[in-house]
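Undergrad: Generate coordinates for the sequence data below:
(one chain, ligands or ions: 1)
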Amino acid sequence: MVKRALRRILPGLADEPDPARRDLGPLADNEAYVPGHGDPSYAVRSYDLDLTLKLAGNHVQGRAELLIEPLVDPLPRLQLDLHGLKVTSVTVDGRPAKHSRRGDRLTVTPRQPLKGGQESLLVVHYSGNPSQVRGLDGLAGWEELDDGLIVASQPHGAPSWFPCNDRPDDKAAYRIAVTTDSGYRVVANGSLVETRRRSSRTTWVYEQPEPMATYLATVQVGRYDTLDLEPGPGPDGLVPIRLHYPAALTRQVAAGPMMRHRAMLNTFTEAFGPYPFARYDVVITPDVLEIPLEAQTLSIFGSNFARPGWQQERLIAHELAHQWFGNSLTLGQWRDIWLHEGFACWSEWLWSERSGGRRAADLAREHYRGLADKPQDLYLVDPTPQLMFDDRVYKRGGVLLQALREHVGDGAFFAFLRTWCERYRYGTITTPAFVAEAAADLGIAPDWFDPWLQHKTLPEWGS
Ligand SMILES: [Zn+2]
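TA: Presented below is the predicted three-dimensional model:
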């Protein structure tokens, strides 16, 4: 289906030269966006991470158990991504394995080649002082706060804290156990299944059974209080939502937009279908952060986002929408980032409309005019690594969705959104799949999308 769709949106461009239209040629793949990450010769089925963290000194001692499955036969060696940390031992199926290091790549050579399709258990012991990973779009990963820790890995920061096959299309189940000083709260992906306190240290164990991309794995540590939001009336009203925040922010949190999470979840459940995970957690750090960030089952905000105001509220809605668009449905190639950010951006406008604010149609037109005033020098698909998080990718993707909604009508549009979320739940998505399925389900020509996706110049819209 994907190959067929690719042909449909990549017509014979040479026959009809059009300077505004992209000569797509080969699109840039993940090697261009996150060079040197990931190994396609195997898949990881589960990660079991056990970290002992000394906050003073930012020191980690780690054990990572990876249940892997070779995708080639035989597999004589494989590569893991790990940044900076020292590897002390590697075993495969209980037997010591050779390992060597080159930059952030750890090559593991088992005693005997692994068989295709047959699961093996890889165990890596490692330690050191985790630090952010530099990529083409900046720094990402493990980062100390003044009093605590955040991990914000999109797109290339996962190797800052655990050995992994750092490819967004290699999704796996996770168990994350962190032992650190009592007095701090640890929040990680999924459900807290156990806490054990031993004198001055406490172990927190989280389980995330639904498949998750490496960049969405996270650990947050801080002196946090918690507040559980009341259940709601909607179909997913019983999904637990918990806020984690410093005591100093208690009043601000209780009076601010963070309290609207339940209503947002109801709105998005109606629009996109069931919430994809068992729960949602929100971490508000004592530090001011420039931008919030989504992880699977939780989002992270700086203290500056607890204040009232549309700019805060829209980003709270944005991060929640990523649980569907980005976390449950995840790109396989970073060039398709609009499938996350365009949808999350449009979801802000949907929340505005459904909560009695400005209509999505008006917000989309305002942003369309804003885009028209800015340089039109990027493509929505494959915007280049430097521009993958450019605001124009977000806004143009959002405007595309509103234009599609108005083109086909609300009934068909929302039915398709729910189908899209259901069909690719926990899976990997691509732009050609989106175009082909939207065109087929909505009865429109696939080339309706071309001016939005394949031209730099904005299409006429919105009068
Ligand atoms: Zn986003």
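Undergrad: Now the terminal residues of stretch 226-239, how far apart.
TA: Distance between the boundary residues of stretch 226-239 (CA to CA, to the nearest Å) amounts to 16 Å.
Undergrad: For the helix or strand where residue 45 lies, buried residues please.
TA: Using DSSP states H and E, the element containing residue 45 is strand 42-54. By 16 or more other CB atoms under 10 Å, the buried positions in strand 42-54 come out as 42, 43, 44, 46, 47, 48, 49, 50, 51, 52, 53. All C-beta spots, glycine's among them, are computed from the backbone N, C-alpha and C.
Undergrad: After it, which helix or strand is next?
TA: Criterion used, DSSP H and E; the element after strand 42-54 is strand 59-70.
Undergrad: What mean pLDDT does that next one get?
TA: What strand 59-70 shows for mean pLDDT is 98.
Undergrad: Direction included, what does that strand pair up with?
TA: strand 42-54 (antiparallel), strand 120-128 (antiparallel) (DSSP bridges).
Undergrad: export those strands to CSV and tack on mean pLDDT and distance to the ion?
TA: Formatted as CSV, the strands paired with strand 59-70 follow (pLDDT from 0 to 100; distance: least, CB to the ion, whole Å):
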stretch, mean pLDDT, distance to the ion
strand 42-54, 98, 24
strand 120-128, 98, 30
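Undergrad: With respect to residue 86, which of those strands lies nearest?
TA: With CB to CB, the closest approach to residue 86 among the strands paired with strand 59-70 belongs to strand 120-128: 4.9 Å.
Undergrad: Format the CA atom coordinates belonging to that closest one as PDB.
TA: Provided in PDB are the C-alpha atoms of strand 120-128 (Å, rounded to 0.1, in the frame of the first residue of the first chain):
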ATOM      1  CA  SER A 120      18.000 -13.400  22.500                       C
ATOM      2  CA  LEU A 121      18.600 -11.600  25.800                       C
ATOM      3  CA  LEU A 122      21.300  -8.900  25.700                       C
ATOM      4  CA  VAL A 123      22.400  -7.500  29.000                       C
ATOM      5  CA  VAL A 124      24.600  -4.400  29.300                       C
ATOM      6  CA  HIS A 125      26.100  -3.100  32.500                       C
ATOM      7  CA  TYR A 126      27.200   0.500  32.300                       C
ATOM      8  CA  SER A 127      28.000   3.600  34.400                       C
ATOM      9  CA  GLY A 128      29.100   7.200  34.300                       C
END
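Undergrad: Flag every buried residue along that strand.
TA: 120, 122, 123, 124, 125, 126, 127, 128.
Undergrad: What residues does the protein have near the ion?
TA: 341, 344 (CB under 5 Å from the ion).
Undergrad: where does residue 335 land in three-state SS?
TA: Classification of residue 335 using DSSP: H, G, I helix; E, B strand; the rest coil returns helix.
Undergrad: Hmm, it is touching residue 34, no?
TA: No. Residue 335 is not in contact with residue 34 according to CB atoms under 8 Å; the separation is 11.1 Å.
Undergrad: Can you give me the buried ones in stretch 271-278?
TA: Using 16+ other CB under 10 Å as the test for burial, stretch 271-278 gives 271, 272, 273, 275, 276, 277.
Undergrad: Can you give me the distance of residue 311 to residue 318?
TA: Look at residue 311 and residue 318: by CB to CB, to the nearest Å, they are 11 Å apart.
Undergrad: Look at the two and report which has more neighbours.
TA: Using other CB atoms under 10 Å, the more surrounded residue of residue 311 and residue 318 is residue 318, with 24 against 11.
Undergrad: Contacts only, for that one.
TA: Residue 318 sits next to 292, 344, 345, 347, 348 when contact means CB atoms under 8 Å, 6 or more residues apart in numbering.
Undergrad: Could you dump those residues into a markdown table with distance to residue 281 and pLDDT added?
TA: Converted to a markdown table, those look like this (distance: CB to CB, whole Å; pLDDT from 0 to 100):
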| residue | distance to residue 281 | pLDDT |
| --- | --- | --- |
| 292 | 13 | 96 |
| 344 | 18 | 98 |
| 345 | 23 | 98 |
| 347 | 19 | 98 |
| 348 | 20 | 98 |
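Undergrad: Among the residues you listed, name the ones in helices.
TA: Judged by DSSP state H, helices contain the following of these: 344, 345, 347, 348.
Undergrad: residue contacts, residue 130?
TA: By CB under 8 Å, 6+ apart, the neighbours of residue 130 are 58, 60, 83, 84, 85, 141, 142, 160, 161.
Undergrad: Kindly report the same for residue 363.
TA: Contacts of residue 363 by CB under 8 Å, 6+ apart are 348, 349, 352.
Undergrad: any idea how far it lies from residue 392?
TA: Distance from residue 363 to residue 392, by CB to CB: 16 Å.
Undergrad: go on, residue 259?
TA: 32 Å.
Undergrad: Likewise for residue 50?
TA: In terms of CB to CB, residue 50 sits 42 Å off from residue 392.
Undergrad: Can you name the residue of the stretch 1-150 of the chain nearest the ion?
TA: Evaluated by CB to the ion, the stretch 1-150 of the chain has residue 137 as its residue closest to the ion, separated by 13.4 Å.
Undergrad: returning to that earlier point: now do the strand holding residue 45: distance to the chain's middle.
TA: 18 Å (CA atoms, centre = their mean, to the nearest Å).
Undergrad: Name the residues that touch that strand?
TA: By CB under 8 Å, 6+ apart, strand 42-54 touches 59-72, 75, 78, 114, 119, 149, 161-162, 164-165, 170, 172-181, 217, 219, 221.
Undergrad: In ChimeraX, how would I select just the buried ones from those?
TA: What follows is the ChimeraX syntax for the buried subset of the contacts of strand 42-54, where burial is set by 16+ other CB under 10 Å:
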select :60,61,62,63,64,66,67,68,69,70,75,78,114,149,161,162,164,165,170,172,173,174,175,176,177,178,179,180,217,219,221
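Undergrad: who touches the closest residue to the ion within the stretch 251-400 of the chain in this structure?
TA: Minimum separation of the stretch 251-400 of the chain from the ion (CB to the ion) falls at residue 344, amounting to 4.4 Å. By CB under 8 Å, 6+ apart, the residues touching residue 344 are 294, 318, 319, 321, 322, 325, 326, 394.
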